[in-house]
Every structure is written in C-alpha cells, then in structure tokens.
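In: let me see the structure of the following:
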Amino acid sequence: MWERDKQPVQKLTMLKNMRRKACAACTKAKRPCSKRSPCCDRCERKNIPCRYPPINQTARDYAVTDGTIIAAEKSMTRAGEAYPIHVVYFEPFYSDLDGPQVGEAHHPCSIGMGRSTRPLPLGHDWFYSADSWTIARSGAPAFPSQAFETAALKHHIATVQSWMRQWTTTGRSPFIHHRLYALRMPRCLQDAYTTLTTYLARTPENSDLCFQIVQERATEIIEDAQRTAPTPSSGDAATDSIGGAVLLDPVDHLARVHALFVYQVIGLFDGDIGLRASAENRMSILTAWVAEMWESAELDASIYSTMLALDRATNDEQTGSVSRTEEETTAWRRWTVLESIRRAWLLVTITQSIYQLFKEGWSQCPGSVNWTTRAGLWDASDQYSWSKLVANGSGPLFVPSLRADILYKEATPSEVDEFGHAILIAQFGLEHTTKWKAQLS
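Out: Residues are numbered from 1 along each chain as shown. Reported below is the predicted structural model:
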C-alpha cells in the first residue's frame with residue numbers, strides 16, 4: 001500500500017526535475033546536470049554551491065551573473081604548486097541505497113566499488129605511485145553475457161582489429177605508443193609485426209601459408225619464454241625470478257604481451273577453426289604473462305619512486321639540481337612505458353573476456369586498474385606538450401576502468417581520447433556513449 005502511495009510522489013518529483021533548468025555550475029562548465037534538489041550530483045561530488053536559475057531567467061544568463069560559481073570552481077582546480085585536481089578517487093564501498101540509478105551506466109563487476117567520487121591533488125608521482133598499481137577486485141566473481149550489449153562487444157573486436165591494421169601502416173596505435181619501441185623493438189615483436197603484415201595482405205590462395213606462419217610464430221614465442229625461464233636451482237642474478245617469472249625489463253614483458261596478443265586476436269577472431277583452437281589453448285599463457293608484466297611494472301615503479309625521493313632529497317641539500325625540462329622528459333618517457341602497460345592489461349583482459357562471453361555465456365571479473373583518459377596525452381609529440389596537457393588540460397586525467405562511467409558526467413567526448421572511447425563502449429555499451437555524445441554535441 002505504501003509503494004502505491006509513493007508512486008504519485010515519485011512521478012511529481014520526476015516532472016519537477018524535467019522542468020527545472022540546469023544549475024549554474026553545470027551550465028558554466030558545459031556538463032550535464034542531474035537537476036536534483038537541493039544539490040545536483042556533480043555539485044555534490046565537487047562540493048561546490050549548487051544554484052538553480054529563477055523561472056524568468058535562462059540557465060546560461062544566470063550562470064554568467066552568478067560569480068560565486070566561478071570562484072568555487074577555480075578554488076577546486078588548484079592544489080599546492082601548480083597541480084590541478086584531476087585524479088579521481090572513489091570511496092571504497094557503497095550501500096544498496098547508494099547504488100546505480102535506473103538507466104545509469106554501470107559495469108556488472110563494479111559491485112562493491114564506490115560510486116561516490118572525490119578528486120585528489122595531482123602529485124608528481126600520479127602515474128607510478130604504489131596506489132596507482134592497485135588492482136581493485138570486485139564483489140562479483142563473474143558476470144553473464146546478458147549484462148552487455150552484443151553490438152558493443154562486436155564493436156570492440158572490430159576496433160581492436162582496426163588498431164592492429166593501423167599499427168602495421170603507421171607504426172602506432174591507441175595501445176602501442178609511437179615512441180615506445182623507437183629505440184629498440186624486441187625480436188618477438190618484430191616477428192609479430194611482420195606476421196601481422198603478412199596476414200593482413202593474405203589472399204585466398206596463400207591463406208593456409210599465412211595461417212601456418214601465425215601458428216609457428218605463436219608457438220615459437222612461447223617456447224622461447226620457456227627456454228629462458230630460470231630453473232629453481234639457478235643462482236644467477238641475471239636470471240633470478242619472482243614467483244617463477246623471469247625478471248625481464250618491463251619493456252620486454254610488454255613486448256611479448258603485445259606480440260602474443262597479436263597472434264591471439266588473429267587466432268580467436270579470424271574464423272579458421274585450427275587457429276581458434278590453438279589460440280584458446282594460449283589464453284591462460286597470455287593471462288599469466290599479463291600478470292607478470294604488471295608485477296614487473298609495479299616493482300620497477302616502486303624502485304623508481306624510492307630512488308626519485310632520494311634524488312630529490314639530495315638535490316635539496318646541494319646547490320645544483322635537475323632542471324625542470326629534464327624532469328619533464330624523464331616523466332614523459334616513463335609515463336609512455338607505464339601507460340602502455342596499463343593499456344595492454346586493459347585490452348588483453350577485456351578482449352579475452354569478450355571471447356569467453358561469446359563462447360561460454362559468462363566471464364570472470366578481472367578487476368579494475370587506473371589508466372590515463374585525457375585526450376592529447378597519448379599523441380603528444382614531446383615532453384613539453386605532454387607536461388602542459390597534464391598540468392592545464394581539461395577533463396579527468398586518471399580513472400579506474402570499472403568506474404570509467406564517471407567520464408559520462410565529468411568529461412565531454414572531446415576531452416577523452418580514442419582508447420577511452422573504446423573502453424567506455426566495451427564496458428558500458430553503445431547506447432550510453434551515443435547519448436553522451438548527443439547531449440554534449
């Protein structure tokens with residue numbers, strides 16, 4: 001009986017929200033407004049005043065005259081020495097009452113992950129600090145295929161295939177940075193590049209030969225890894241291991257993940273039954289390599305963070321210090337490698353999960369990792385352009401993958417790069433992304 005009485009009240013509230021104009025802060029920032037009273041969602045997250053225009057005044061005119069909004073927004077964009085607040089932090093848990101609203105974008109694996117957001121000051125270690133390498137595990141161990149749009153999943157596979165083609169023709173893609181292998185491309189990735197180029201240029205007459213090359217190269221990279229793996233009795237420091245994983249350079253870890261991923265995309269989605277069967281057998285190996293790559297990057301970042309702190313302390317005591325340009329160059333180069341590792345983790349886990357969804361009807365929740373979403377950073381041509389976008393660019397900078405739906409509320413489509421758009425479609429569907437683009441076009 002109570003629910004029946006409550007329905008007219010809910011409908012009346014919805015009608016009021018539909019008629020209410022956007023608040024001054026959202027109008028000024030050109031962001032969508034939930035129009036909730038007394039405070040909309042965005043203003044509540046940013047902890048800024050939420051003021052709605054009077055009936056006889058437009059939202060745009062009111063935003064121009066309301067000076068308190070400008071001051072509040074500016075006070076929230078700086079923290080400390082020239083560092084904007086753009087690193088998004090999520091409260092660890094939310095209650096059932098604080099869950100996603102009906103029709104709101106959310107990932108089925110985000111159960112138990114916070115929906116309330118809080119921006120953090122952007123420090124110099126934003127992309128290599130220990131916290132940035134935490135893989136947030138979900139309260140949902142698995143999810144069914146019905147939780148996703150089939151069209152969005154197929155769109156992701158087509159997108160990955162187009163990125164592979166782009167890499168062969170331009171030497172770069174949204175997941176392989178243009179400077180990543182500029183100085184040194186490991187042999188395993190050279191083989192993958194030539195194999196992929198051959199595969200894309202295949203004809204009906206030489207398809208079997210191309211498939212044979214793919215099979216042999218994929219087998220070869222795995223056998224090479226097994227041959228170079230240290231034995232339990234090995235005491236050689238150069239071939240020591242942690243948990244059975246060879247202490248490769250993070251770039252070498254990344255290169256072999258990239259190489260095997262190329263063979264997996266060909267094998268799983270070409271349509272040839274022989275390629276597919278072999279690729280299915282390699283899925284667990286690629287998953288293990290991704291985990292080893294992540295551990296290697298996490299260890300490398302931890303060592304670098306410690307050494308950097310010691311260097312900074314030493315420089316403070318000495319008159320000579322490292323120039324700002326040198327710091328920016330070092331940061332840009334390290335970010336290039338570490339961001340590539342984050343994107344490889346995301347691309348491999350999402351792509352293999354999609355294949356499992358199509359085959360088994362369910363897939364495991366791999367967890368959530370942080371990655372850089374701001375447009376322009378990935379394609380920056382030098383450290384100056386990159387540093388300028390980090391410090392003064394617009395839109396969220398660093399967000400967790402399973403809660404990337406925050407981009408629908410906190411960013412415009414032009415503020416998110418191509419990789420970010422692909423992740424949004426794969427995890428939240430084409431419909432939500434299309435509405436996001438339409439609302440802010």
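
In: can you pull the buried residues of the stretch of helix or strand Ser387 belongs to?
Out: Assigned by DSSP states H and E, Ser387 belongs to helix 383-392. By 16 or more other C-beta atoms under 10 Å, the buried positions in helix 383-392 come out as 383, 386-387, 389-390. The C-beta positions use only the backbone N, C-alpha and C, and glycine is treated the same way.

In: what helices or strands is it leaning on?
Out: Helices and strands touching helix 383-392, by 3 or more C-beta pairs under 8 Å, 6 or more residues apart in numbering; DSSP states H and E, are helix 324-360.

In: what's the angle from the helix it packs on to helix 383-392?
Out: Interaxial angle, helix 324-360 versus helix 383-392 (axes from the mean of the first three to the mean of the last three C-alpha atoms, to 10 degrees): 70 degrees.

In: and helix 324-360, average pLDDT?
Out: Average pLDDT, helix 324-360: 91.

In: kindly report the same for stretch 176-195.
Out: Mean predicted confidence for stretch 176-195 is 96.

In: what is the end-to-end distance of that stretch?
Out: In stretch 176-195, first residue to last residue: 17 Å (C-alpha to C-alpha, to the nearest Å).

In: how about residues contacting it?
Out: Stretch 176-195 has contacts (C-beta atoms under 8 Å, 6 or more residues apart in numbering) with 167-168, 171-172, 213-214, 217, 220-221, 224, 251-252, 254-256, 258-260, 262-263, 333, 336-337, 339-340, 378-379.

In: what's the ChimeraX line that selects buried ones from the residues you listed?
Out: Selection of buried members from those for ChimeraX, criterion 16+ other C-beta under 10 Å:
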select :167,168,172,213,214,217,221,251,252,254,255,256,258,259,260,262,263,336,337,339,340,378
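
In: with just CA atoms, put stretch 269-279 into PDB.
Out: Extracted C-alpha coordinates of stretch 269-279, given in PDB (Å, rounded to 0.1, in the frame of the first residue of the first chain):
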ATOM      1  CA  PHE A 269      38.600 -13.900 -34.300                       C
ATOM      2  CA  ASP A 270      39.700 -14.900 -37.800                       C
ATOM      3  CA  GLY A 271      37.200 -17.700 -38.200                       C
ATOM      4  CA  ASP A 272      39.600 -20.500 -39.000                       C
ATOM      5  CA  ILE A 273      38.900 -23.400 -36.700                       C
ATOM      6  CA  GLY A 274      42.500 -24.500 -36.400                       C
ATOM      7  CA  LEU A 275      43.700 -21.000 -35.500                       C
ATOM      8  CA  ARG A 276      40.900 -20.700 -32.900                       C
ATOM      9  CA  ALA A 277      41.600 -24.000 -31.200                       C
ATOM     10  CA  SER A 278      45.300 -23.100 -30.800                       C
ATOM     11  CA  ALA A 279      44.500 -19.600 -29.600                       C
END
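
In: what residues sit buried inside that stretch?
Out: By 16+ other C-beta under 10 Å, the buried positions in stretch 269-279 come out as 269-270, 272, 275-276, 278-279.

In: host element of Trp371?
Out: Using DSSP H and E, Trp371 sits in strand 370-372.

In: state the mean pLDDT of that strand.
Out: 93.

In: and it, what does it pack against?
Out: Contacts defined by 3+ C-beta pairs under 8 Å, 6+ apart place strand 370-372 against helix 324-360, strand 398-400.

In: and the contacts of that strand?
Out: Against strand 370-372 from outside (C-beta under 8 Å, 6+ apart): 127, 132, 335, 339, 342-343, 346, 378, 397-401, 419, 423.

In: recalculate using a threshold of 6 Å.
Out: For strand 370-372, the external contacting residues (C-beta atoms under 6 Å, 6 or more residues apart in numbering) are 132, 339, 342, 398, 400.

In: tell me how far the fourth one lies from Trp436.
Out: Applying C-beta to C-beta, to the nearest Å, the value for Phe398 to Trp436 is 20 Å.

In: and for the last one?
Out: The gap separating Pro400 from Trp436 is 18 Å, by C-beta to C-beta.
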